[in-house]
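J.: sequence and predicted model, in that order:
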Amino acid sequence: MGKVNTVLGPVATETLGLIAFHEHIGYGMPGSELDSKWWKTPEQKYEETVPKLRAFHEYGGGTFVDATGICNGRDLDYYKSLSAKTGVHIVASTGFVGGDTALAHFAHASVEYLADQFIHEITVGIGNSGAKAGIIKVGVSRGGRMTDLDKRIYRAAARAAKLTGVAVMTHLAIDAEPAIEIFGEEGLPLDRVVFGHVDDGVNHDKSKDTWIASLGGRIGFDTFGYETELPDPPFWARPRKDRLDHFLRFIGEQGYLGQVLASADANCSPLGWPGVKGHTVNYIFEDLIPDLRAAGIDEATITTIFVDNPADFLTLHN
Ligand SMILES: [Zn+2]
């Protein structure tokens, strides 16, 4: 029987239920909490967030993975309160969304320093909250090429993942060659890594999803709902049918159902930006699962995608 670190403590894997594996309670660029234009009171954040998590729970959602890294607005005492209030398991991330969202303090941090930081957050806790991280976030900085800091973060994440047994999730699957080389050098099996955002409108044609999967990596179709059909679509939006067809191809004729994870990457209460109107984690229940059913996907396959695959991925491997 495996376990997963949630913000309220470790829980047995089989209690996770349906998992939204890449979401955000609230993501913002470093410093957004200081910007008076966007500043929100704790009550405002609560009011925006609780109904979304309650609806998630009522739809049958069990676990919400917050993919917000260090410096991007994590607030663990708040997450603990949200989880206790709504009954949704929340899994928090250590790591960074990318080298370019790490504050200057970390700009020259060594691999050893970064690994120690991640290991501390996984085994001791984040800040004084006592809440332990359940996953490590890494990512490719803007520009589309891994920077030296990105590479140090990936290497530190690989070491922390090997030592603690938590999994790694990437922001973007572009420029995957150096990432795969680093994971190989550190001896981290690629089934402990999900390469994310292969499906968004900007990166889908630059992400080698089947190549990464052929090497054993897990693949994240995790921007479901960011559609060009939205009233005010973001720059990474993609036509709904294009993304769905891509996903169906990947789990169907290309044969990678066992390695796929799916999520909506929505913000319950965005920090320092307006967010994307009309898009929430509940896209999974309101749109995505109905679209999959309409495409002939059976219930066992839906369980594989949203329960079994992410549970296996999140379970501490040590
Ligand atoms: Zn995200």
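T.: Yep, it's here.

J.: contact residues of this protein facing the ion?
T.: Counting by CB under 5 Å from the ion, the residues of the chain close to the ion are Ala67, Asp265. C-beta coordinates here come from the backbone N, C-alpha and C atoms, glycine included.

J.: the residue of the chain positioned farthest from its centre: what secondary structure?
T.: Of all residues in the chain, Ser36 has its C-alpha farthest from the mean position, at 27.8 Å, by CA atoms, centre = their mean. Three-state assignment for Ser36 (DSSP: H, G, I helix; E, B strand; the rest coil): coil.

J.: now for the closest residue to the ion within the stretch 201-318 of the chain: which residues touch it?
T.: Closest to the ion within the stretch 201-318 of the chain is Asp265: 4.3 Å, counting by CB to the ion. By CB atoms under 8 Å, 6 or more residues apart in numbering, the contact set of Asp265 is His22, Glu23, His24, Ala67, His197, Asp222, Thr223, Phe224, Gly225, Tyr226.

J.: count of residues packed around the residue nearest to the fifth one when sequence neighbours are not counted?
T.: Just to be clear, that refers to His197. Nearest non-adjacent residue to His197, counting by CB to CB, 6 or more residues apart in numbering: Leu172, 5.1 Å away. Look at Leu172: counted by other CB atoms under 10 Å, it has 27 neighbours.

J.: ok, Pro42 next?
T.: Using other CB under 10 Å: Pro42 sits among 10 other residues.

J.: which residue, other than its chain neighbours, is closest to it?
T.: Among residues not flanking Pro42 along the chain, Tyr78 sits closest, at 7.3 Å (CB to CB, 6+ apart).

J.: tell me the SS of the one you found?
T.: helix.

J.: okay, it: pLDDT?
T.: You'll see Tyr78 listed with a pLDDT of 97.

J.: which parts of this structure are strands?
T.: Taking DSSP state E, the strands of the chain run over residues 3-6, 9-12, 18-23, 61-66, 89-91, 93-95, 135-139, 167-171, 193-195, 218-221, 260-262.

J.: gap between Ile284 and Arg54?
T.: To Arg54, Ile284 is 15 Å away according to CB to CB, to the nearest Å.

J.: which one's more surrounded, those two?
T.: Ile284 (25 against 15).

J.: taking the stretch 101-250 of the chain, what residue is nearest to the ion?
T.: For the stretch 101-250 of the chain, CB to the ion, closest residue to the ion: His171, 6.4 Å.

J.: the residue nearest to His197 touches Ser141, doesn't it?
T.: No - between Leu172 and Ser141 there is no contact under CB atoms under 8 Å: 9.1 Å.

J.: need the overlap of contacts for those two.
T.: Residues touching both Leu172 and Ser141 (CB under 8 Å, 6+ apart) are Gly98.

J.: pLDDT at Leu34, what is it?
T.: Taking Leu34 on its own, its pLDDT is 89.

J.: now do it: how many residues are near it, please.
T.: Leu34: 9 surrounding residues under other CB under 10 Å.

J.: with Lys151 instead?
T.: By the measure other CB under 10 Å, the count of residues near Lys151 is 17.

J.: in the stretch 51-200 of the chain, which spans are helices?
T.: With DSSP state H, counting those that start in this stretch as the criterion, the stretch 51-200 of the chain has helices at 76-86, 111-123, 148-164, 176-186.

J.: Gly62: which of these is closest?
T.: Gly62 sits nearest to helix 76-86 of all the helices of the stretch 51-200 of the chain, at 11.2 Å, using CB to CB.

J.: shaky segments in the stretch 1-150 of the chain?
T.: The stretch 1-150 of the chain contains no residues with pLDDT under 70.

J.: check it for the residue nearest the ion and tell me.
T.: Ala67 (4.4 Å).

J.: thinking again about what came up before, residues contacting the residue nearest to His197?
T.: Shown in contact with Leu172 (CB under 8 Å, 6+ apart): Gly98, Gly139, Val140, Gly144, Gly196, His197, Asn203, Ser207.

J.: tell me the contacts of the residue lying closest to Ala102 once chain neighbours are set aside?
T.: Spatial nearest neighbour of Ala102, chain neighbours left out: Phe96 (4.8 Å); criterion: CB to CB, 6+ apart. Residues in contact with Phe96, defined by CB under 8 Å, 6+ apart, are Gly69, Ile70, Cys71, Asn72, Ala102, Phe106, Lys137, Val138, Gly139, Ile153.

J.: dump those residues into CSV; add neighbour count as well.
T.: Shown next, in CSV, are the contacts of Phe96 (neighbours: other CB atoms under 10 Å):
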residue, neighbour count
Gly69, 26
Ile70, 24
Cys71, 18
Asn72, 24
Ala102, 24
Phe106, 18
Lys137, 29
Val138, 31
Gly139, 26
Ile153, 32
